[in-house]
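> Sharing a model prediction with you, sequence too.
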Amino acid sequence: MTVWRDLPGDHAVPGVEIVPVTGIGELRPGDDLAAVVVEHVQLHDGDVLVVTSKIVSKVEGRLVKLDSTDPARREAARQAAIDAETERVVARRGDLRIVATRHGLVLAAAGVDASNVALDELALLPLDPDASAQLLRDAVRERSGVEVGVIISDTMGRAWRDGLTDAAIGVAGLAALTDARGHTDSHGNTLDVTRVAVADEIAAAADLVKGKLRGVPVAVVRGLAPDGKLPDDGRGSRELIRPATDDLFRLGTAEAIAYGRDQAVRDDAEHARDELHADAVALVSAVECSSPLERAVREGFLGLLAARRDAMWRSCAPGHLTASALVLDPQRQAVLLTLHPRVGRWLQLGGHHEPSDHSVLDAAAREAREESGIGALSFDPVPLALDIHPITCSLGVPTRHFDVKFVAVAPDGAEPVRSAESDDLRWFAWDALPDDVSAELPELVDAARLRLGL
């Protein structure tokens, strides 16, 4: 990285002069800031022009115009502007928000400011502070023939410290950061972490002669380049933005706790989803097939599961797994069927998987309990059959159900209770099934009777 003095990595100079640029007055959108600055101060090569972001925002038209000076309405507009400028909330305490903007800056209220503007206005940060700094530098060179560095500054708080200071948000014509790592001090110690935010130091120094109450938005810091040439790495202010991976204070304490809690819940949910998917693969793989058709159906299940990690959920539009149960009465002489309102036919009980399900059998048991009102059902854990059929389900679009079918027996004294998901719920004897059943239901009943030795 470019250094500031002959001593590598050192940014110190023998002395500096800080000059306020007075008499600038109120500027409005479209005004020529460079011309005004050149008119009010004599610049020299190597000077650093420090300009508060507010004056840049004004000339660039980064103002929110309100239709009222009512304080409540102005505050509501300010909060809305903060929302619009915020990329990420870092911390919130009451009405105070520390946020990260799309520039990468972390600061209070996203830099939205209600000071030093009219009562019916709000000021936003420049869209691209580095570009604004470069444009001002080029314009000053064009009007004066002088090569200066430009820093656009804004007021910020600091971690660990109370009070405010100015910091650089836009830089052009000078290196914002020096790097002394790898060099040795006068005692022979190797410097490991020394990187100095020179642009921030310059911005803070310039604020000693500016300030919100003095009406001085511009200052010149002189003496940083005795030979008239400022070191410039061409990187603007980007070097000052700490990467998220290196930010030990990326979130406030309360926000970090909430994030950790939410992440733990997300991790648990992701684990449950993976567990359910793995259970489906193992369960279907173990299904014994007695015909080429059954083997083809099983391979269809496994193909979907291999292709789609979301195959267990109804949101998987190409098709998704469901679980159902053919429920027998305690004497094993009748089956419990539901009249499905969407399909319009009598079916076995069943439905989609939910995040709370840890296995396909869990889903079948939950659906059977919910739709029958019977709390205790005895299940055979080995699927009775696999079935693939086209349907327009609660997803609302044509899809396919890859249904895993189980058989269960109700306990003595069980009294079914129809749920809101059913138009009717009844016991039917083996040999007296209704006419309007699904095409595969008689085969399912036969398979259940064979499984139970009836």
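Cool, the structure landed.
> Which other helices and strands does the helix or strand hosting Gly157 contact?
Taking DSSP states H and E as the criterion, Gly157 maps to strand 149-158. Judged by 3 or more C-beta pairs under 8 Å, 6 or more residues apart in numbering; DSSP states H and E, strand 149-158 is in contact with strand 48-52, helix 53-59, strand 106-108, helix 129-144, strand 161-172, helix 198-206. All C-beta spots, glycine's among them, are computed from the backbone N, C-alpha and C.
> Pull out the buried positions in that strand.
149-156 (16 or more other C-beta atoms under 10 Å).
> Tell me where the stretch 1-150 of the chain has helices.
Along the stretch 1-150 of the chain, the segments classed as helices by DSSP state H, counting those that start in this stretch run 33-40, 53-59, 71-85, 129-144.
> hmm, who's touching the second one?
Contact partners of helix 53-59, identified using C-beta atoms under 8 Å, 6 or more residues apart in numbering, comprise 24, 27-33, 62-63, 111, 113, 115-117, 123-126, 129, 132, 136, 152-154, 169-170, 217-218.
> Buried members of those residues into ChimeraX, please.
Typed into ChimeraX, the line below selects the buried ones among the contacts of helix 53-59, using 16+ other C-beta under 10 Å:
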select :24,27,33,62,63,111,113,116,117,123,124,125,126,129,132,136,152,153,154,169,170,217,218
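> List the contacts of Val16.
The contact partners of Val16, taken as C-beta under 8 Å, 6+ apart, are 205, 221-224.
> Confirm that Gln331 sits in a helix.
No. Under DSSP: H, G, I helix; E, B strand; the rest coil, Gln331 falls outside any helix and is assigned coil.
> Tell me how far it lies from Leu452.
Using C-beta to C-beta, to the nearest Å, one gets 12 Å for the distance from Gln331 to Leu452.
> Would you state the strands of the stretch 251-400 of the chain in chain order?
All strands of the stretch 251-400 of the chain, identified by DSSP state E, counting those that start in this stretch, fall at 320-328, 334-339, 346-347, 349-352, 378-379, 385-392, 398-409.
> Tell me the helix or strand right after the last one.
Read it as strand 398-409. strand 424-429.
> who does the helix or strand that comes right after that following strand touch, helix- and strand-wise?
Next in sequence after strand 424-429, counting helices and strands by DSSP H and E, comes helix 441-452. Contacts defined by 3+ C-beta pairs under 8 Å, 6+ apart place helix 441-452 against strand 320-328, strand 334-339, strand 385-392, strand 398-409.
> Compare these and give me the one nearest Thr86.
Among the helices and strands packed on helix 441-452, strand 320-328 comes nearest to Thr86, with 37.0 Å by C-beta to C-beta.
> the inter-axis angle of that closest one versus strand 334-339?
Strand 320-328 and strand 334-339 meet at an angle of 140 degrees, taking axes from the mean of the first three to the mean of the last three C-alpha atoms, to 10 degrees as the criterion.
> ok and strand 320-328 relative to strand 398-409, angle-wise?
30 degrees.
> just to revisit the earlier point, so which of the helices and strands packed on helix 441-452 is the most surrounded?
Highest mean neighbour count among these (mean count of other C-beta atoms under 10 Å): strand 320-328, with a mean of 26.
> quick one: average pLDDT of that strand?
Summarised as a single mean, pLDDT over strand 320-328 is 95.
> before we move on, the earlier item: of the buried residues of strand 149-158, closest to Ala286?
Using C-beta to C-beta, the buried residues of strand 149-158 come closest to Ala286 at Met156, 62.2 Å.
> what's across from the closest one in the sheet?
Counting by DSSP bridges, Met156 is bridged to Thr165.
> Wait, it touches Gly163, no?
No. Using C-beta atoms under 8 Å, Met156 is not in contact with Gly163, being 10.4 Å away.
> Show me what Leu337 bridges to in the sheet.
Using DSSP bridges, the beta-bridge partners of Leu337 come out as Arg426.
> Who are the contact partners of it?
If you count contacts by C-beta under 8 Å, 6+ apart, Leu337 has them with 346-348, 425-426, 428, 433-434, 437, 441.
> Roughly how far does Gln42 sit from Ala307?
Gln42 is 72 Å from Ala307, by C-beta to C-beta.
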